[in-house]
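Undergrad: Need coordinates for the following:
(chains A and B)
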Amino acid sequence: MKQFLLPLAGLIIGILLGLVTKIHLPIQYASYLSVAILAALDTVFGGIKSGMQNQFDHRVFLTGFFSNTLLAAGLAIVGSFLGIDLALAAVVAFGVRIFNNLATIRHLFLMRKKIPSQN
Amino acid sequence: MQTKAKMMMSWTVVATVLGAMMSLQYHDVLLGGAGIWSSSPDVAAVNDRLEAVTAYNQMLSQRIQEVQKQVISLQNQTLAQGGGVADLERQLHAVKVLAGTVPVAGPGVEVMIDDGKMSSNEQEQFITHDWDLRSVVNELFLAGADAVAVNDARITSTTGIFCIGPVVRVGNMRLGPPFIIRAIGDPKVLAAALNFPGGVLDALRGANRGLAISTPSVFRQLRIPAYVSSVTAANGGAQG
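TA: Residues are numbered from 1 along each chain as shown, chains lettered A, B, ... in the order given. Sure thing, here's the model as predicted:
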């Protein structure tokens, strides 16, 4: 239980930070941030999945989180310069991955109930 | 143990960043674009300029009021001293009352017109229009009113009355309901002119528009403000 507390506190601090600060992104960057959020969510679900599979590696997780987020936003920006809506591609791709990860998490969760502790 | 601590730390970092990103985006979505636009340098610059011009205008209006007070007190001194200058001052004052540049107090009437209750599909019918106010104002002047004002807007010879969207522009003021029309003159004549059967108020009441129109009330002492001119900065507000 204890290992969830610090990340939860971090999440709450992050949310408060975002709500309290008066920083507003200019409207033309709003879609890039949403793509970045999608990539971040994908990484988080991937992390949960690998944690349940006991394959979690904090280096892979951290680098994956930041590089995925920045790459997704960066690709969307490049796409907007080239006239290709890469933000849409990112939404589709990450959306599919998120649902895949969720399905895997659900399966792992159900399997764990059936077969207690495989280690 | 070591890896568990690292795992916890990495989750914390990721959760913090994710939370900040999501709440930032949520904040902007919640504001519906208003907050996003206000940070745009163009909008901010124009806003700043508007505020500066408004503040400058307010300062100038106050200054005008002060100066007018001085002028009135000086004129009263001249009147008290008597002589030929006093005659001229009396004439000047009468002209100023008609021009609307001085506040007037005296006997008069007051009538209030308010919007009817709106049903959403027939809004047009139930709001007070510019021509309603115009007809009442014109009727009052025809009945010999010396000074007429709608709410705080004194009617002068150059005062236009026209609808702008949901409000009525009277001179340089934008007015909303209820409209209180005050007139100074012979109260009996003015009240009779308004109450005339089939007259202007009857026409407004009878149009089945749901307008709330008070019966004209007679006052022994009524105050009507002076015309307040719009202070338009000639060169876009730049102070030189």
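
Undergrad: going forward, measure contacts between C-alpha atoms and count neighbours the same way
TA: Will do.

Undergrad: what is the rounded mean pLDDT of the lengthiest strand in chain B?
TA: Assignment by DSSP state E gives strand B:104-114 as the longest strand of chain B. Average pLDDT, strand B:104-114: 88.

Undergrad: Return the distance of that strand from the chain's centre.
TA: Between the centre of strand B:104-114 and the centre of its host chain there is 17 Å, according to CA atoms, centre = their mean, to the nearest Å.

Undergrad: what comes into contact with that strand?
TA: Contact with strand B:104-114 is made by B:97, B:127-128, B:147, B:177-187, B:190-191, B:211-226, as judged by CA atoms under 8 Å, 6 or more residues apart in numbering or on different chains.

Undergrad: now these: which count as buried?
TA: The neighbour count (16 or more other CA atoms under 10 Å in any protein chain shown) marks B:97, B:127-128, B:147, B:179-187, B:190-191, B:211-213, B:216, B:218-219, B:222-226 as buried among the contacts of strand B:104-114.

Undergrad: Next secondary structure after the worst-scoring helix or strand of chain B on mean pLDDT?
TA: Lowest by mean pLDDT, DSSP states H and E among the helices and strands of chain B is helix B:34-38, with a mean of 56. Where DSSP states H and E defines the elements, the next helix or strand beyond helix B:34-38 is helix B:41-81.

Undergrad: what's that next one packed up against?
TA: helix B:84-99 (3 or more CA pairs under 8 Å, 6 or more residues apart in numbering or on different chains; DSSP states H and E).

Undergrad: what's the angle from the helix it packs on to helix B:41-81?
TA: 140 degrees (axes from the mean of the first three to the mean of the last three CA atoms, to 10 degrees).

Undergrad: What is helix B:84-99 packed up against?
TA: Counting contacts by 3+ CA pairs under 8 Å, 6+ apart, helix B:84-99 packs against helix B:41-81.

Undergrad: Figure out the helix or strand that B:Met7 lives in.
TA: Short version, using DSSP H and E: B:Met7 is in helix B:2-30.

Undergrad: List the buried residues of that helix.
TA: Across helix B:2-30, burial judged by 16+ other CA under 10 Å covers B:7-28.

Undergrad: repeat for stretch A:64-83
TA: Quick answer for stretch A:64-83 (16+ other CA under 10 Å): A:64-70, A:72-77, A:79.

Undergrad: Keep only those of those that are in helices.
TA: A:64-70, A:72-77, A:79 (DSSP state H).

Undergrad: Out of these, which is nearest to A:Leu11?
TA: Closest approach to A:Leu11 among those (CA to CA): A:Phe65, at 14.9 Å.

Undergrad: Hmm, B:Val14 and the closest one touching each other?
TA: Yes - A:Phe65 lies in contact with B:Val14 (CA atoms under 8 Å); the separation is 7.2 Å.

Undergrad: Chain A: helices as residue ranges?
TA: Going by DSSP H, chain A shows helices at A:2-20, A:30-52, A:58-82, A:86-114.

Undergrad: and those, which is most packed in?
TA: Ranked by mean neighbour count, the helices of chain A are led by helix A:30-52 with a mean of 22 (mean count of other CA atoms under 10 Å in any protein chain shown).

Undergrad: same for that helix, what does it pack against?
TA: Judged by 3+ CA pairs under 8 Å, 6+ apart, the packing partners of helix A:30-52 are helix A:58-82, helix A:86-114, helix B:2-30.

Undergrad: what distance separates the first one from the centre of its chain?
TA: Centroid separation between helix A:58-82 and its chain, computed with CA atoms, centre = their mean, is 11 Å.

Undergrad: what's the angle from that helix to helix B:2-30?
TA: Note on geometry: by the same axes, to 10 degrees, helix A:58-82 and helix B:2-30 are set 30 degrees apart in direction.

Undergrad: for helix A:58-82, packing partners?
TA: Secondary-structure packing of helix A:58-82 (3+ CA pairs under 8 Å, 6+ apart): helix A:30-52, helix A:86-114, helix B:2-30.

Undergrad: Distance to B:Asn57 added to the ones you listed, as a markdown table?
TA: Shown next, in a markdown table, are those (distance: least, CA to CA, whole Å):
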| stretch | distance to B:Asn57 |
| --- | --- |
| helix A:30-52 | 38 |
| helix A:86-114 | 48 |
| helix B:2-30 | 34 |
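
Undergrad: I'd like those laid out as TSV, including distance to B:Gly171 and mean pLDDT.
TA: Output for the helices and strands packed on helix A:58-82, formatted as TSV (distance: least, CA to CA, whole Å; pLDDT from 0 to 100):
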stretch	distance to B:Gly171	mean pLDDT
helix A:30-52	44	89
helix A:86-114	52	86
helix B:2-30	39	83
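
Undergrad: Out of those helices, the one nearest B:Thr156 is which?
TA: Of the helices and strands packed on helix A:58-82, nearest to B:Thr156 by CA to CA is helix B:2-30, at 46.9 Å.

Undergrad: and chain B, what are its domains?
TA: B:2-39, B:103-231 (automatic domain parsing).

Undergrad: just to revisit the earlier point, could the helices and strands packed on helix A:30-52 go into CSV alongside distance to A:Leu38?
TA: CSV is the format used below for these (distance: least, CA to CA, whole Å):
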stretch, distance to A:Leu38
helix A:58-82, 8
helix A:86-114, 7
helix B:2-30, 10
